[in-house]
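Colleague: the sequence and its predicted three-dimensional model are supplied below.
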Amino acid sequence: QVQLVESGGGLVQAGGSLRLSCAASGRIFSGNYIGWFRQAPGKEREFVADIRWSGARPSHADSVKGRFAIYKDIAENTVHLQMDSLKPEDTADYYCAARVRVGDYIASAGAYDYWGQGTQVTVSS
């Protein structure tokens, strides 16, 4: 079992910044993935970024590359998503997820095993 708790969402103006946090506990190991996804009203959940629990190999969706950065604070055992230059189209519920299964990996919601409760991000124009 893995427990995930997100925090850091809120309301921000376009061009602003927010930092989301995902605190993970339980049976999670260095090679497992932590991912961030988002879901806007009426849309499917989409991949934003992922990273190994060790903090290695961060990866970002093209839509956020250069604006968002995923990283792990090893001392806090927390994965953060730093979001800069936010746009109204970034408005969504953001979810942290953990993948602990082995096998081929494709960065998609179906590849993940555990999910947090979500945190809302609203970017006003």
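Modeller: Nice, I can see it.

Colleague: pLDDT score for the residue sitting nearest the centre point of the chain?
Modeller: Taking C-alpha atoms, centre = their mean, the centroid of the chain lies closest to Trp36, which sits 1.9 Å from it. Looking at Trp36, its pLDDT reads 98.

Colleague: same question, the one 4 residues further on
Modeller: Looking at Ala40, its pLDDT reads 97.

Colleague: Ile74 too?
Modeller: 88.

Colleague: ok, and the closest non-adjacent residue to it?
Modeller: Computed as C-beta to C-beta, 6 or more residues apart in numbering, the closest residue to Ile74 that is not its neighbour in sequence is Gly55, at 6.1 Å. Backbone N, C-alpha and C define where each C-beta goes, glycine included.

Colleague: what's the span of stretch 55-69, first residue to last?
Modeller: 12 Å (C-alpha to C-alpha, to the nearest Å).

Colleague: how about the strands of the protein, start to end?
Modeller: 2-7, 10-13, 18-26, 33-39, 46-52, 59-60, 68-73, 78-83, 92-99, 114-115, 119-124 (DSSP state E).

Colleague: tabulate these (TSV), appending distance to Ser108.
Modeller: Conversion of these to TSV gives the following (distance: least, C-beta to C-beta, whole Å):
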stretch	distance to Ser108
strand 2-7	17
strand 10-13	27
strand 18-26	18
strand 33-39	9
strand 46-52	6
strand 59-60	13
strand 68-73	16
strand 78-83	17
strand 92-99	10
strand 114-115	13
strand 119-124	20
